[in-house]
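[1] Generate coordinates for the sequence data below:
(2 chains)
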Amino acid sequence: MDDLVERLARGDPSAFGVLYDALADRLHHYLVARLGSRSDADDVLQETFLRLARARGKLATVSNLTSYVFAIARNESSRLLEAARRRGEAPLFPSADMLFDNGAAIDARRREAADLVAAAMAALSPEHREVVELKAFAGLTFREIGQLLEEPLGTVATRYRTALEKMRPRVAEELE
Amino acid sequence: MSDDVERLLSEITPRGAPPELRPRILEAVAEDLNAARRPRASRSVLALAAVAAALVLSLALNYQVSRASERRLARILGPIPASRRALELANEIAAITDAETGRWAYERLAPKRGAEQAIPKHARELQRLIHELTLDLPETDDEAPEENPRLDRAVGRRPGGGLPVVRRVLHVEHVQEA
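    Numbers count the residues shown, from 1 in each chain, chains lettered A, B, ... in the order given. Okay, here's the model as predicted:
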C-alpha cells in the first residue's frame, strides 16, 4: 500500500487505475446509499478521484489510504446533499435494485432478502445506516470508520450493533 | 445476537460501479495530471518573463530619475563646464587627424552646444534669485510680533453668547490727509 501511495503522490496514472480497481465498487455503493441516485454517485466518484489527483501532494501524510479516499467521497457527497437541501430536496433511500445485484441469475430468495435489507436500512437513521453501509458493504474496519466519521472506535461499534438490532424485526422473516 | 442479521447482509451482493465509469474517470484523472504538469512549465516561463520585465522597468526608471536629477542640478548649478582634458584630447585628435575630426571629438566629449548657450541665461536667473533673497522688505504693523500671543488673542475675541458683528475696516487715511 505504501508503494501505491508513493506512486499516487508522484502522479502515476496507472496507480490511480489500481486504486480504482481496489475501491471504486465499494465507494460507489456507499455513495448510492448516501445520495439515493446512481448517476449522482457516478459524478461524485469521478470528483473524488479528481480531488485525490489534485491533492496528491498531501498523500505523504495520510496514515490510511482507504479512510482517506472514503473521507474525500463523503465530503463531496455531503456538499451535494447540502446543495439539494438548500433547494428543498430530500434524498430518498435507494431501492434494492439500485443497491443490490438483483439480476435474473439470482434466485428469488436472495432477491427477497435484498428487498428486506433495503427496506430495513431505509428505516434506520442516517447515522446508523452509514455505519452499516461502511461496515457491511464497504468492508471498512471499525478503526477506519472511526477515522472517517471522527468518532471513537467504541462509539462506532456500539452504533453498528444498535443498527443491526433495529434492522432485526424487519428482516425477521428472512432469518427464520 | 446480531450475528444472524450480519450473516444476512453478507449474503446479498452489493452492486458496484458501472463498467463504463472506469475509463471515464481514469481518463479524466490522466487529463488532470497532464494539465497540472503543463502549466507548471509555463508558470516558470511566466515568472522569468515577469522578473525580466521588472528588471527592464527598474533600469528605465533609474535612467529617468537620473536624467531628471541631472536636469534639476543643471537648472540650479548651471551647465557642466567643458573639461580641460576633453579640450586637450580634442586638440590631440585634431593634430593627428584634421580639424573637423577634432571638432567632432570635442562635441562628443564636451557638453552640448545648447548647454554653453544656457550659461548667460543661468547667470541672469541666479542674479534674479540673489536679488529676491537680499531684498529688504519693510515690516508692516500687521506683522508685529505679539508679546504674549495667548493674552493678545483673547483680547480680540468676542464675548461668549454674543452675536458676531462683522466690521469692515475702511482705509480712508489718504482721503483724510487730502
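[2] Tell me the residue of chain A that sits nearest chain B?
    Nearest to chain B in chain A, going by Cβ to the nearest Cβ, is residue A:25, at a distance of 3.1 Å. Where C-beta positions appear, they are placed from N, C-alpha and C, glycine not excepted.
[3] does whichever residue of chain B sits closest to chain A sit in a helix, a strand or a coil?
    When distances are taken as Cβ to the nearest Cβ, chain B reaches nearest to chain A at residue B:16, 3.1 Å away. Of the three states, residue B:16 takes coil according to DSSP: H, G, I helix; E, B strand; the rest coil.
[4] what helix or strand is the nearest residue to it once chain neighbours are set aside on?
    Counting by Cβ to Cβ, 6 or more residues apart in numbering or on different chains, the nearest residue to residue B:16 once its immediate chain neighbours are dropped is residue A:25, at 3.1 Å. When elements are assigned from DSSP states H and E, residue A:25 belongs to helix A:13-35.
[5] Please point out which parts of that helix sit buried.
    Using 16 or more other Cβ atoms under 10 Å in any protein chain shown as the burial criterion, the residues of helix A:13-35 that qualify are A:13, A:15-17, A:19-20, A:23-35.
[6] Going along the chain from that helix, find the next helix or strand for me.
    Later in the chain than helix A:13-35, the nearest helix or strand by DSSP H and E is helix A:38-54.
[7] can you state the direction angle for the helix or strand that that next one is followed by and helix A:13-35?
    Remark: after helix A:38-54, the chain's next helix or strand is helix A:65-86, criterion DSSP H and E. Note on geometry: by axes from the mean of the first three to the mean of the last three Cα atoms, to 10 degrees, helix A:65-86 and helix A:13-35 are set 40 degrees apart in direction.
[8] Counting by contacts, list what helix A:65-86 packs against.
    helix A:2-10, helix A:13-35, helix A:38-54, helix A:142-149 (3 or more Cβ pairs under 8 Å, 6 or more residues apart in numbering or on different chains; DSSP states H and E).
[9] Now distance to residue B:51 and mean pLDDT too, for those, in TSV please.
    Output for the helices and strands packed on helix A:65-86, formatted as TSV (distance: least, Cβ to Cβ, whole Å; pLDDT from 0 to 100):
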stretch	distance to residue B:51	mean pLDDT
helix A:2-10	29	87
helix A:13-35	34	94
helix A:38-54	28	94
helix A:142-149	45	93
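[10] and of these, who's closest to residue B:107?
    Checking the helices and strands packed on helix A:65-86 against residue B:107 by Cβ to Cβ gives helix A:38-54 as the closest, at 66.2 Å.
[11] How is residue A:90 assigned, secondary-structure-wise?
    Classified using three-state DSSP, residue A:90 is coil.
[12] Report the contact partners of it.
    Counting by Cβ atoms under 8 Å, 6 or more residues apart in numbering or on different chains, residue A:90 touches residue A:84.
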